[in-house]
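**Q** just to be clear, the model below is a prediction. Sequence and coordinates:
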Amino acid sequence: MSTRSLNKVQLIGNLTRDPELKYTPSGTGVCTFGLATNREWTDSSGQKQEGAEFHRIVAWGKLGEICSQLMSKGRKVYVEGRLQTRAWKSQDGADRQVTEVVIDEMILLDSPKGDRPEGGYETHYSSDEAVSPIADVTAAEEVFNPEKEEDKTEKKSKKEEVVEESDEIPF
């Protein structure tokens, strides 16, 4: 009989630094960034207190590439994923350990310049597929796919063909 468990993290906060994108030897993107979450509470004497928690966030693959392109220090985001703890030996032989949030969902909650249009601003991306807005997804695909130039030209001509076939706006 197996016991069920749950490892799910949901955070809303602000980036503490610009995302850093690296690639594994096999070419998979790995993006890391810091996220600060704030909380307020009233202590036993009735005084309001404030505190912050700082989280290490990791995004893999396409989501990581999109994060590195669209996010920057100070941006407000929602992330969802799971906790992961890694352990290793440092070069000096000391045992090291880090706990991080490996995300599979990300929603940008503000505009790049921090000014919010009336009605708010929200852009949602997941590790399964990038969703809305279409223009951002297309731009991110062009920036992040490490393809040969002829592959890019071929894809571009296919995209142009699709646009020529339809007069409707795709969103």
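**A** Great, that's in hand. Residues are numbered from 1 along each chain as shown.

**Q** low-confidence stretches in this protein?
**A** 1, 113-171 (pLDDT under 70).

**Q** what about the helices in it?
**A** 61-70, 134-144, 149-165 (DSSP state H).

**Q** quick one, strands of this structure?
**A** Applying DSSP state E to the chain gives strands spanning 9-15, 20-23, 29-42, 48-60, 76-89, 95-108, 123-126.

**Q** most tightly surrounded among those strands?
**A** strand 123-126 (a mean of 18; mean count of other Cβ atoms under 10 Å). Just so you know, the C-beta spots here come from the backbone N, C-alpha and C atoms, and that holds for glycine as well.

**Q** these two touch, right, K62 and G29?
**A** Yes - with contact defined as Cβ atoms under 8 Å, K62 counts as touching G29 (7.4 Å).

**Q** got the domain ranges for this protein?
**A** 9-131, 133-171 (automatic domain parsing).

**Q** isn't L15 right up against L35?
**A** Yes - the pair L15 / L35 is scored as a contact, 6.2 Å apart, by Cβ under 8 Å.

**Q** mind listing the shared neighbours of the two?
**A** When contacts are counted by Cβ atoms under 8 Å, 6 or more residues apart in numbering, L15 and L35 are jointly contacted by V77.

**Q** okay, L35 and S72: tell me how far apart.
**A** Per Cβ to Cβ, to the nearest Å, L35 is found 13 Å from S72.

**Q** overlap in contacts of these two?
**A** By Cβ under 8 Å, 6+ apart, the residues touching both L35 and S72 are L15.

**Q** what sits against S72?
**A** Taking Cβ under 8 Å, 6+ apart as the test, what S72 contacts is 15, 18-19, 112.

**Q** if we go to 10 Å?
**A** 15, 17-19, 33, 112 (Cβ atoms under 10 Å, 6 or more residues apart in numbering).

**Q** now do F54
**A** 13, 16, 34-37.

**Q** which one among those gets closest to R4?
**A** Comparing these against R4 with Cβ to Cβ picks out T37 as the nearest, at 27.1 Å.

**Q** nearest to Q47 among the contacts of S72?
**A** For the contacts of S72, the nearest to Q47 is L15 (29.6 Å; Cβ to Cβ).

**Q** hang on, isn't the closest one packed against K76?
**A** Yes - contact status for L15 versus K76: in contact at 8.3 Å, counting by Cβ atoms under 10 Å.
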